[in-house]
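Chemist: Next one to model:
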Amino acid sequence: TETLPPPGPEEVRVRVCAVGLNFADVFTVLGMYDAASSKEKLVPGLEFSGVVEAIGERLQNRKTAIVSRSPDGKRNVLISSPEPSQSKEGEGQRVRVGDRVMGFSRFGSFSTHVNVGTSFIRPIPDDWTFQQGAAFVVQGLTAWYGLVELGQAEAGKKVLIHSAAGGVGLFCLQICKMFDMIPGLCTSVGISS
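Modeler: As a prediction, this is how the structure comes out:
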């Protein structure tokens, strides 16, 4: 058992309630993941959900910049005072003690608590369980990054989705539907003799 230090000035401490298990976690434990140094004592775990238990010093008593994206993809920045305020839909949200959040970290989520920057967490939708929140983050971000950021998603584009029945593949199918893209599916690859 190790003691977790207080959250950094711009971090929050989250009591972990659920974690997502990914291929990267399995490869890390087996020593097959290059991103994880075999020389350091490493706690695996990339994604989690839980409850905010503490907020870093700089987040407590200063004006907060809340960054969000409008439907057209432009960044919106809202400067708000430290007092609680009503936020309009799409403005983003400040994190408070007691909030239910989902997020990711480089490693370390397979623990009871994690300190993480607020840019790495988001509120869990009210109708989601902690398990749903923990299972969403890495697969959803991987699919979005691959199809939208790298693949420049647009209507009518044809997309081959490998492992369409897996977590990332299922998210890719939803993104294809959202952007009116045409998916081609590959659920398994085998060699015939």
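
Chemist: Can you show me the helices along this structure?
Modeler: 23-29, 57-60, 130-144, 167-178 (DSSP state H).

Chemist: Can you check the distance spanned by stretch 2-11, start to finish?
Modeler: Start and end residues of stretch 2-11 are separated by 19 Å (Cα to Cα, to the nearest Å).

Chemist: which stretch among the helices of the chain comes nearest V14?
Modeler: With Cβ to Cβ as the criterion, V14 lies closest to helix 130-144 of the helices of the chain, at 10.9 Å. Bear in mind the C-beta positions are built from the backbone N, C-alpha and C, glycine included.

Chemist: For burial, what's the neighbour tally of the closest residue to F27 other than its chain neighbours?
Modeler: Using Cβ to Cβ, 6 or more residues apart in numbering and skipping the chain neighbours, the partner closest in space to F27 is Y33 (3.9 Å). Other residues near Y33 come to 18 when the count uses other Cβ atoms under 10 Å.

Chemist: Show me the residue at the heart of the chain, geometrically.
Modeler: V137 (3.4 Å; Cα atoms, centre = their mean).

Chemist: what sits against the residue lying closest to Q174 once chain neighbours are set aside?
Modeler: Take Q174 and drop its neighbours on the chain: the residue closest to it by Cβ to Cβ, 6+ apart is A143, 7.9 Å away. When the contact criterion is Cβ atoms under 8 Å, 6 or more residues apart in numbering, the partners of A143 are 168-169, 171-172, 174-175.

Chemist: coming back round to it: what pLDDT does the residue nearest to the centre of the chain get?
Modeler: On pLDDT, V137 comes in at 88.

Chemist: What's the separation between the residue nearest to it when sequence neighbours are not counted and V16?
Modeler: Once flanking residues are discounted, V137 sits nearest to E47: 4.2 Å by Cβ to Cβ, 6+ apart. Remark: distance between E47 and V16 (Cβ to Cβ, to the nearest Å) = 10 Å.

Chemist: Repeat that for G8.
Modeler: Plainly put, G8 is 18 Å away from V16 if you go by Cβ to Cβ.

Chemist: Looking at the two, which is more packed in?
Modeler: Using other Cβ under 10 Å as the criterion, G8 and V16 rank with V16 on top: 20 against 15.
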